[in-house]
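>>> Just to be clear, the model below is a prediction. Sequence and coordinates:
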Amino acid sequence: MSSELKMKCADSLNNLIDKFENNEYMLQRIHNHIVNYLPNTLNYELQNYEKRLNRNTYLTHEQHVFMQIFLQKNSYFYLPNNNCFYEYNGINYTAVKEDDIIHKLLSGISKDRVLLQWKYKTKINIIKQIKERNLFDSIPESETIQTVLNVLYPSIFYSKNHAKYFLTIIGDNIFKKNLSLIFLVNTQMKKILNDLDCIASSVIGINNTTHNFMTKYHENHLYDKCRLITINDNFSYELWIDILKKIGLDLLCVSAHYSKRYENSDNFIEYTSDEELKYYTTYIKNKTQREIVDEFCAKYIAETKSDLKLDWKNLHFVWKQFLSDCHYPNMIYSNSLKNLIKEKFEYDEESESFFGITSKFIPIQRDFIKFWETTISLVTPEQSDQFENEIEIDELCSLFKIWTKQTNEPLMTNGNISEENVLKILKHFFTTIEIIEQKYILNISCSLWDKSKHIDNSFCYTKEELKKDYKLELISFDNVYNYYYKYCKLQSDKLIVSKRYFEKYLYYKVSDYIVYDKFIETNWILNS
């Protein structure tokens, strides 16, 4: 290249000399420019070039240093799928606007002053580098990970390994791994997953992060593709919503981290030392339907030499008890289950009963059904003069206990029954009744306790007490309930209606005297 330039320069000069070879004046001018002006001009240009070169080298170095320090001090990340930026302060991840990042880096450049001439060039380079830092390539600090785990365990999951497994699954779904796996969960867990999916959609722009969590097993699901995961029965849904609001993004980033760390959720289970979690999670994967039924029969069914028989509906309830106790989903359809059990025990088609077997779970449900059929009546609002009667589950447990002490029926239990068991029995054997919030049974009454009449009986006492010393024009619902409570204590009544039911009945019974929502006019006292 250098030789070529030399030749071009020489040729250009020779061309000029040849052009003016007969012009003494122009030849003299050429000589003057070459000898007197050109060396100085070239020396000046060389000095300017070297200055620019040195300055560019200096500014490039300063730019690299500034960028390195800025990106080290400010952990910014980016997701191309939603074109959003994020910041990590070593504790929490937060979404951040690009304008805020630019403002911060331009302010830093202005303070430094060295890069003022290159501030926009520096800005472009830094934003470019940030966009190359994927949010899910970041590694959360231990404090962030422990914060996420501590809010998941013990409030929602049974152990930290359960929580880690859950996070790894979510991470796999973010990266679209193991798409063929099905995770069977209860309806309670599905509710929290829907909220997580909404958070993921809004903060990281990824939808369907919980798409492979199912509440029901389908016969098309292959056993070797099914995994189990469960949560505490008494977890607080309100707590979960609060968790998502505070650390939803942290949870998703930790999930992505675990997915990368363990490669996938199956690997996490394979290499964990938690044998209990491994057995539960892969229970369906490692079993056949026959093996599951064999385990159920071994644990929940007892063979007997007597003429006892167990009808299918009761046996099916025991099966549900087995699933509930073990936190298993219903992974065998009812007809398939019956056929598998028919292979093991004698069965009568006409009575739909199995002979020579019983279960320790049968007595309590049989006695409760007797109690229900003996004391409980269905009452529509029309039958109860438009008042919608209800009995709470815990009240039903108390009434069952009272009934077992009073009845002449031959019983097999002492009357102790849990609220959870009552719900299971009602949902299995009395499918037409209406239960709301897993607590209130609507439109029923019990012959052992007329709740409305019980409140009515207290009104005479309440009015007499108010006449003695009450001077105000209004009586609050709270005061009326307190008098009802005192009345119950004086009568040694063990059953006391809840404040919710009491107020509901007040709205029905004394509606003409109610003002300001929860106050009763004192002229109610004078009303007989």
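Structure received. Numbers count the residues shown, from 1 in each chain.
>>> now the helices: where do they sit in the stretch 351-500 of the chain?
362-375, 393-406, 419-429, 451-469, 477-490, 499-509 (DSSP state H, counting those that start in this stretch).
>>> Flag every buried residue along stretch 204-220.
204, 206, 209-210, 212-213, 217 (16 or more other CB atoms under 10 Å). C-beta: built from backbone N, CA, C; applies to glycine.
>>> Same question for stretch 145-163.
Applying a neighbour-count criterion of 16+ other CB under 10 Å, the buried positions in stretch 145-163 are 145, 147-149, 151-153, 155-158, 161-163.
>>> quick check, nearest of the residues you listed to Leu252?
Distance ranking of the buried residues of stretch 145-163 against Leu252, using CB to CB, places Val148 first at 9.6 Å.
>>> give the contact list for that closest one.
By CB atoms under 8 Å, 6 or more residues apart in numbering, the contact list for Val148 reads 167, 247, 250-251, 254.
>>> Give me the below-cutoff pLDDT ranges for the chain.
Low-confidence segments of the chain, defined by pLDDT under 70, span residues 1, 54-63, 65-67, 108-118, 122, 381-386, 528.
>>> Quick check: the gap between the residue nearest in space to the middle of it and His218.
What sits nearest the mean C-alpha location of the chain, by CA atoms, centre = their mean, is Ile192, with 3.2 Å. Here the distance between Ile192 and His218 works out to 22 Å (CB to CB, to the nearest Å).
>>> the helices in the stretch 101-250 of the chain, which residues?
Across the stretch 101-250 of the chain, reading from the start of the chain, the helices by DSSP H, counting those that start in this stretch fall at 119-131, 142-152, 160-174, 187-203, 237-262.
>>> Buried deepest among those helices, which one?
Stretch with highest mean neighbour count among the helices of the stretch 101-250 of the chain: helix 160-174 (a mean of 24; mean count of other CB atoms under 10 Å).
>>> and the angle from that one to helix 187-203?
Relative orientation of helix 160-174 versus helix 187-203 (axes from the mean of the first three to the mean of the last three CA atoms, to 10 degrees): 50 degrees.
>>> any idea how far the closest residue to the residue nearest to the centre of the chain other than its chain neighbours lies from Ile231?
Spatial nearest neighbour of Ile192, excluding adjacent residues (CB to CB, 6 or more residues apart in numbering): Trp240 at 4.9 Å. According to CB to CB, Trp240 and Ile231 sit 9 Å apart.
>>> Repeat that for Tyr483.
If you measure Tyr483 against Ile231 using CB to CB, the figure is 43 Å.
>>> same deal with Val379?
For Val379, the distance to Ile231 under the criterion CB to CB works out to 37 Å.
>>> which of the two has more neighbours?
A side-by-side neighbour count of Val379 and Ile231, using other CB atoms under 10 Å, places Ile231 first with 21 against 16.
>>> how about that one, what does it touch?
Under the criterion of CB under 8 Å, 6+ apart, the contact list for Ile231 reads 156-158, 185-186, 188-189, 192.
>>> so what are the domain limits for this structure?
1-137, 142-281, 289-358, 363-446, 451-526 (automatic domain parsing).
>>> Next, the buried residues of stretch 40-55.
By neighbour count, and taking 16+ other CB under 10 Å as the criterion, stretch 40-55 has no buried residues at all.
>>> which one of the contacts of Ile231 is nearest Tyr37?
Closest approach between the contacts of Ile231 and Tyr37, by CB to CB: Ile192, at 83.9 Å.
>>> isn't the closest one right up against Tyr237?
Yes: counting by CB atoms under 8 Å, Ile192 touches Tyr237, with 7.0 Å between them.
>>> Now find how far off-centre stretch 82-101 is within its chain.
23 Å (CA atoms, centre = their mean, to the nearest Å).
>>> where's Ile520, which helix or strand?
Ile520 is part of strand 519-521, with elements assigned from DSSP states H and E.
>>> what's the spacing between the next helix or strand after that strand and its chain's center?
Next along the chain after strand 519-521, taking DSSP H and E as the criterion, comes helix 523-526. Here the centre of mass of C-alpha atoms in helix 523-526, compared against the chain's by CA atoms, centre = their mean, lies 52 Å away.
>>> And stretch 12-25, by the same measure?
Relative to where its chain is centred, stretch 12-25 has its mean C-alpha point 89 Å off (CA atoms, centre = their mean).
>>> Do me a favour and get the end-to-end distance for that stretch?
In stretch 12-25, first residue to last residue: 19 Å (CA to CA, to the nearest Å).
>>> now do stretch 258-276
20 Å.
>>> sorry, back to before: could I get the contacts of Val148 as a markdown table with distance to Asp450?
Supplementary listing: the contacts of Val148 in a markdown table, determined by distance: CB to CB, whole Å:
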| residue | distance to Asp450 |
| --- | --- |
| Leu167 | 52 |
| Ile247 | 50 |
| Asp250 | 54 |
| Leu251 | 51 |
| Val254 | 55 |
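>>> from the residues you listed, which is closest to Tyr262?
Tyr262 has its nearest neighbour among the contacts of Val148 in Leu167, at 9.9 Å by CB to CB.
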